[in-house]
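Colleague: this one's sequence-less:
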């Protein structure tokens, strides 16, 4: 995988310096993989649940045509302020629309089909996000979900988030509306 652009490298550095939990930022390899999947769909409309500091939003925006859009949902004003700083520096930043507030509230206001969705937010909400997103994704679209192995904790769950990921994985496997595939990246 080619190295990240200087802008993405700066965003990573600043995220690590300023944020309490910088590991929440998606890695460059995974973000690049998501961008390639998006490009393969020929999609123009992306829904991202969980923005953090905007790295993934920016990489996905790079994979969109000029008239494409990333609608990204988050509740953290501090982290998304950093995201907006970097989007403003990018020629692709104008494609990104931040919706600050609960993702399910935002999703309920959206009209039209989504080509690509990415879920990477509070783990306890994953099933609710899934149920809201699946009907919105067009045939041939993709829903990518981060953390399904949850650093191995799905094998020996203890916390509420651990159990939520176990339940989410079971939910997706039983969902006849989709063809689930687990791909370990990173």
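Modeller: Received the coordinates, thanks. These numbers come from a predicted model, not from an experiment.

Colleague: show me what contacts residue 51?
Modeller: The contact partners of residue 51, taken as C-beta atoms under 8 Å, 6 or more residues apart in numbering, are 57, 72, 73, 74, 76, 79, 80, 83, 98. To be clear about C-beta, it is placed using only N, CA and C from the backbone, and glycine gets the same treatment.

Colleague: now, among those residues, which is nearest to residue 39?
Modeller: If you rank the contacts of residue 51 by distance to residue 39 using C-beta to C-beta, residue 57 comes first, at 15.6 Å.

Colleague: Phi and psi next, for the residue nearest to the spatial centre of the chain.
Modeller: Geometric centre of the chain, nearest residue: residue 118, 3.6 Å, by C-alpha atoms, centre = their mean. Main-chain torsions, residue 118, degrees, to the nearest 10: phi -130, psi 120.

Colleague: per-residue pLDDT, it?
Modeller: Residue 118 is assigned a predicted lDDT (pLDDT) of 98.

Colleague: Any idea what it is bridged to?
Modeller: residue 48, residue 144 (DSSP bridges).

Colleague: That one and residue 73, how far apart?
Modeller: 10 Å (C-beta to C-beta, to the nearest Å).

Colleague: cool, and residue 163?
Modeller: 24 Å.

Colleague: between those two, which one's more packed in?
Modeller: Neighbours of residue 163 and residue 73, each counted by other C-beta atoms under 10 Å, are more numerous for residue 73; the result is 25 against 15.

Colleague: So that one belongs to a strand, correct?
Modeller: Yes - according to DSSP: H, G, I helix; E, B strand; the rest coil, residue 73 belongs to a strand.

Colleague: So which residues of this structure form strands?
Modeller: Ranges of strands within the chain are 45-49, 69-74, 96-100, 114-119, 137-145, based on DSSP state E.

Colleague: how near is residue 75 to residue 104?
Modeller: Between residue 75 and residue 104 the distance, using C-beta to C-beta, works out to 11 Å.

Colleague: check contacts around residue 34.
Modeller: Residue 34 neighbours (C-beta under 8 Å, 6+ apart): 26, 56, 59, 60, 118, 144.

Colleague: ok so, going back, I'd say the residue nearest to the centre of the chain and residue 60 touch.
Modeller: Yes - between residue 118 and residue 60 a contact is recorded at 7.2 Å, counting by C-beta atoms under 8 Å.
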